[in-house]
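> sequence plus predicted model, see below.
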Amino acid sequence: MYLKKFRYLAEFVLFYIFFNFLRLLPLAFATMLMGFLAKIIFRYSKASKIAKRNIHRIYKDKSQQKIYNLIDDIWTNLGKSFAEACHFYFMDDEEFFDLVKINGFEKIEGLIKDKKPF
């Protein structure tokens, strides 16, 4: 019981340190670094094997190389998204909207004003 709690605490501490380390890096460098690391680390994981099998089931005509490239792109995007999340959480609205453009925001505002679901 205590070993499990210790393990969870250790995982949290490592995650917290890594999260804050990424926050200290510039956004562009952090996203590039995490995209690269995620692709390298997860390329040989069990999840990649499952993804390869599932993608092959859907796209039977794709070559093995294209499937591997697609999986690499998935891991790269996931790593970049994690790095961006580390930064976006602590940004103020002005910084955030300098980086992110929301198309059709006027429509959303109109729905909110009219109290309609979206």
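Yep, that arrived. Numbering: from 1, shown residues only.
> only C-alpha atoms for contact and neighbour calcs from this point on.
Noted.
> quick check: phi and psi at residue 92.
Backbone geometry at residue 92, expressed as degrees, to the nearest 10, gives phi -80, psi 170.
> distance of it from residue 21?
Note on residue 92: its distance to residue 21, by C-alpha to C-alpha, to the nearest Å, is 19 Å.
> who has more neighbours, those two?
residue 21 (12 against 9; other C-alpha atoms under 10 Å).
> helix or strand for the more buried one, which one?
helix 2-24 (DSSP states H and E).
> avg pLDDT for stretch 12-20?
Stretch 12-20 shows a mean pLDDT of 94.
> sorry, slip of the keys, the one I care about is stretch 74-87.
94.
> contacts for it next, please.
19-20, 22-23, 27, 30-39, 42-43 (C-alpha atoms under 8 Å, 6 or more residues apart in numbering).
> sorry, back to before: what are the contacting residues of the helix holding residue 21?
With C-alpha under 8 Å, 6+ apart as the test, helix 2-24 has contacts from 30, 83, 86-87.
> go through the helix ranked longest in the chain and flag the buried ones.
Longest helix in the chain by number of residues, with DSSP state H as the criterion: helix 64-88. Using 16 or more other C-alpha atoms under 10 Å as the test for burial, helix 64-88 gives 67-68, 71-72, 74-80, 82-88.
> for that helix, what is the distance to the chain centroid?
Put simply, helix 64-88 sits 7 Å off its chain's centre (C-alpha atoms, centre = their mean, to the nearest Å).
> now swap in stretch 60-79 and tell me
With C-alpha atoms, centre = their mean, you get 16 Å for stretch 60-79.
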